[in-house]
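# Mind looking at a prediction? Sequence and model below.
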Amino acid sequence: MSATETQTEAESWVHYHDGGIPGRRRVLRGTGAKQTFNELPKIDFQRIYSDKLEDRKELAKEVGAACRDVGFFYAVNHGVDEEMLNDTFDALKRYFALPTEVKMETHNQKTAKFRGYEAFLEGKLDPSTRGDLKEGFLMGEDATDPEQNRPITPSTATPRNQWPTHPSALFWRPALYRYYNAMYTFSKRMLHIFALALDLPESHFDAITTSPMTNVRAVHYPPQAPDSNDVGIGAHTDFCWFTLVCQSPTTYPALEVLNANGIWVPVEPAPNTFVVNVADFLKLVTGGSWQSTVHRVRNVGGEERYSMPFFFSPNEDARVAVVESMRREGGVYEEFVVGEYFQRRLDIDRTTHLGGGRRAREEGWVLMMLVDGGGGGGIEKGNAHDNARRYSLYHKNNFIKPLKL
Ligand SMILES: O=C(O)CCC(=O)C(=O)O
Ligand SMILES: [Fe+2]
């Protein structure tokens with residue numbers, strides 16, 4: 001049993017953090033157990049490239065069910081070049097093997113958007129741990145990087161990414177850009193499938209994703225002792241629109257997804273597949289009927305592990321709200337600005353080591369009940385601390401008001 005799980009005679013709870021805010025879920029077994037998932041659905045994505053709308057709609061139906069019931073699925077036959085994906089993993093191995101001083105040239109604390117190198121234990125998604133046992137490198141949308149081929153307007157003229165300049169590290173930028181551009185293109189198609197899954201026209205989200213917020217985080221998880229309290233990445237939900245994860249093939253699964261019974265479901269690495277998950281924004285705009293499911297990484301199989309999540313969100317200045325068809329009568333729905341919400345969540349992450357959770361609350365960030373979505377998360381009535389009731393973090397001045405249930 002890990003440090004994030006506690007046991008008393010009568011009950012056991014699993015603890016996690018959602019937007020920097022602690023939550024817990026009762027572990028349910030036997031007759032008390034709920035209907036929930038015990039594995040991730042595998043969805044064949046060949047149909048994403050079909051010329052026939054019926055094929056894409058059929059795919060969207062499966063995707064919608066997975067988003068509602070699990071919040072996670074495997075995308076198989078995604079069509080993104082396998083050799084390029086393998087080459088990118090090789091580049092990750094090479095990059096993280098570089099001397100620390102080469103990597104620290106681009107330390108992420110030097111940028112407002114947290115871009116660049118993150119050293120071991122600097123991330124701390126679960127404050128009950130000593131920090132995440134991982135190192136990473138974050139890059140993302142940046143109109144000043146010519147690889148992105150975007151018009152530079154005054155508002156986007158400031159560089160966001162940092163790239164190493166040491167000769168031994170020059171391979172890194174082109175390697176990461178090959179991956180970034182391929183995932184970007186795939187994500188745009190994926191967005192059409194999400195729109196269809198919500199019974200919206202395929203192009204519904206196009207207007208708010210003309211220059212989307214996107215990130216690749218390359219991550220290296222060293223092997224951790226199986227009996228330690230460490231985590232590779234602490235239990236959390238993602239704060240983007242959706243995430244695509246490529247994970248390196250380890251024999252023992254390291255990524256784990258929390259089901260409604262408080263059981264960590266392992267996500268086996270499957271060759272040439274993406275693990276796709278709904279994140280907080282998509283949960284938000286679906287009024288909570290799609291799950292942004294809690295997950296974590298514990299790399300206890302004795303192997304080095306590498307992963308490269310691609311995070312996708314709408315344009316920074318996009319104003320979004322719950323889609324019309326998912327609104328409930330009597331609910332209060334306000335628009336919020338994607339970039340503002342995103343930056344605050346980044347700031348909270350950045351300051352976690354410095355008491356970020358408390359500071360966030362002092363600054364007016366509050367935990368609010370979003371909606372009692374069923375499916376993967378389930379509903380746990382009667383316990384105000386239980387995050388299974390689907391709370392989320394919003395700023396009291398700017399964003400969504402609590403929904404009346
Ligand atoms: O490494 C992984 O498989 C997942 C990482 C993750 O959850 C994240 O970066 O948000
Ligand atoms: Fe994540």
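Yes, it's here. Ligands and ions are numbered 1, 2, ... in the order given.

# CA only for contacts and neighbour counts going forward, please
Fine.

# So which bits of the stretch 301-405 of the chain are right by ligand 1?
Counting by CA under 6 Å from any ligand atom, the stretch 301-405 of the chain comes close to ligand 1 at S307, P309.

# for N86, helix, strand, or coil?
For N86, the secondary structure call by DSSP: H, G, I helix; E, B strand; the rest coil comes out as helix.

# Measure how buried G32 is and give me the count.
Using other CA atoms under 10 Å, G32 is surrounded by 9 other residues.

# any idea how far it is from R305?
As defined by CA to CA, to the nearest Å, G32 lies at a distance of 36 Å from R305.

# before we move on, what about A91?
A91 sits 13 Å away from R305, going by CA to CA.

# what are the pairing partners of the host helix or strand of A75, and which direction each?
Mapping A75 onto the secondary structure by DSSP states H and E places it in strand 72-76. Strand 72-76 pairs in its sheet with strand 42-44 (parallel), strand 274-278 (antiparallel), by DSSP bridges.

# quick one: the very next helix or strand once past the first one to chain centroid distance?
Later in the chain than strand 42-44, the nearest helix or strand by DSSP H and E is helix 53-69. Taking CA atoms, centre = their mean, to the nearest Å, one finds helix 53-69 lying 20 Å from the centre of the chain it belongs to.

# what residues does helix 53-69 touch?
36-37, 41, 43-45, 47-50, 72-73, 193-194, 196-198, 277-278, 289-291, 374-376 (CA atoms under 8 Å, 6 or more residues apart in numbering).

# Drop anything exposed from these.
36-37, 41, 43-45, 47-48, 72-73, 193-194, 196-198, 277-278, 289-291, 374-376 (16 or more other CA atoms under 10 Å).

# Y177 versus S313, what's the distance?
18 Å.

# The two: who's more crowded?
S313 (25 against 17).

# Quick one: classify that one as helix, strand or coil.
With three-state DSSP as the basis, S313 sits in strand.

# R26 and L258 touch, don't they?
No - R26 is beyond contact range of L258, at 11.3 Å (criterion: CA atoms under 8 Å).

# Which one of those two is surrounded by more residues?
L258 (24 against 19).

# For ligand 1, see how far away that one is.
12 Å (CA to the nearest ligand atom, to the nearest Å).

# now do A157
In terms of CA to the nearest ligand atom, A157 sits 27 Å off from ligand 1.

# A143 is in contact with that residue, correct?
Yes - counting by CA under 8 Å, A157 does reach A143; the two are 6.7 Å apart.

# more neighbours, these two?
More neighbours surround A143 than the other of A157 and A143, with 21 against 12 (other CA under 10 Å).

# Point out the residues in the stretch 101-250 of the chain that sit beside ligand 1.
So far as CA under 6 Å from any ligand atom goes, the stretch 101-250 of the chain lies against ligand 1 at D238, Q247.

# Residue ranges in the stretch 101-250 of the chain under the pLDDT threshold?
Applying pLDDT under 70 to the stretch 101-250 of the chain flags no residue at all.

# Strands of the stretch 101-250 of the chain, start to end?
Residue ranges of the strands in the stretch 101-250 of the chain, as given by DSSP state E, counting those that start in this stretch, are 116-118, 135-140, 212-221, 233-236, 242-245.

# any chance of these in CSV, plus mean neighbour count?
Output for the strands of the stretch 101-250 of the chain, formatted as CSV (neighbours: other CA atoms under 10 Å):
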stretch, mean neighbour count
strand 116-118, 26
strand 135-140, 24
strand 212-221, 23
strand 233-236, 25
strand 242-245, 23
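
# Mind putting the strands paired with strand 72-76 into a markdown table with distance to G232?
Output for the strands paired with strand 72-76, formatted as a markdown table (distance: least, CA to CA, whole Å):
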| stretch | distance to G232 |
| --- | --- |
| strand 42-44 | 25 |
| strand 274-278 | 17 |
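
# Export these as TSV, with columns for distance to A97 and mean pLDDT.
Listed next are the strands paired with strand 72-76 as TSV, based on distance: least, CA to CA, whole Å; pLDDT from 0 to 100:
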stretch	distance to A97	mean pLDDT
strand 42-44	33	98
strand 274-278	25	98
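
# Out of these, which is closest to ligand 1?
Counting by CA to the nearest ligand atom, ligand 1 lies closest to strand 274-278 out of those; the figure is 8.2 Å.
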